[in-house]
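could you work out the structure for the sequence below:
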Amino acid sequence: MNRHLSNKCLIIFITVTAVVLLDQVTKAGIASKMLLHDSSIIIKGLLNLTYVRNPGAAFGFLSHASPVFRSAFFILTTVSAIGLIFYYVAVSKEDETCLVFALSLILGGAVGNLIDRVRFGEVVDFIDVYWKTYHWPAFNVADAAISLGAFIMIFEMLRRKKKDAAA
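Next comes the predicted model:
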């Protein structure tokens, strides 16, 4: 195995393991300490821990679809995304460490939520961010990792585009 491949594998292993462990431990902690729909104020006017379960995806997408269709759809979509992530990591260049890290965050988040979907048929969410009466949909560590990974990817693409334009 060449050094570049072993570096990518190390980044993926550490990042995915950390995200999945943190995601699953926090979800288990919330589920064991709170009743469904209970809420605790963390930062008044900004952040609560609110235990909810989301049978859908982001913003409740497909939450009202039949459970069999929803489960099959989300599991198939997640497995496909995982395959694409491994493909993009495999073809990434040696200088694309930031891209590999971003993809690893997305992969860790996808695996964390996939575990919930397989175990419960829905995802445990608990981070409730709001301002006055405006609430962002509740999310979890896996969702945050996916969002952070996507942000890093966009930032990296814009940085590379600017670098290429200057060259």
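
point out where the protein drops to low pLDDT.
Applying pLDDT under 70 to the chain flags residues 1-5, 58-63, 65.

what ranges does it have for its helices?
Along the chain, the stretches classed as helices by DSSP state H are 3-33, 67-91, 97-120, 141-166.

dump the ones you listed into TSV; add mean neighbour count and distance to N48 as well.
C-beta here means a position set from N, CA and C on the backbone, and glycine is covered the same way. Formatted as TSV, these follow (neighbours: other CB atoms under 10 Å; distance: least, CB to CB, whole Å):
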stretch	mean neighbour count	distance to N48
helix 3-33	16	12
helix 67-91	14	26
helix 97-120	21	20
helix 141-166	15	15
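
out of these, flag the one nearest S39.
helix 3-33 (10.9 Å; CB to CB).

now do the closest one: distance to the chain's middle.
Averaging C-alpha positions (CA atoms, centre = their mean, to the nearest Å) puts helix 3-33 11 Å from its chain's average.

and for stretch 118-126?
In terms of CA atoms, centre = their mean, the centre of stretch 118-126 is found 13 Å from the chain centre.

same question for stretch 88-99.
Centroid separation for stretch 88-99 versus its chain: 20 Å, with CA atoms, centre = their mean.

end-to-end on that stretch?
By CA to CA, to the nearest Å, the extent of stretch 88-99 from end to end equals 9 Å.

again, but for stretch 34-48
End-to-end distance of stretch 34-48 (CA to CA): 13 Å.

thinking again about what came up before, between the helices of the chain, which gets nearest to T133?
Smallest distance to T133 across the helices of the chain (CB to CB): 22.1 Å, for helix 141-166.
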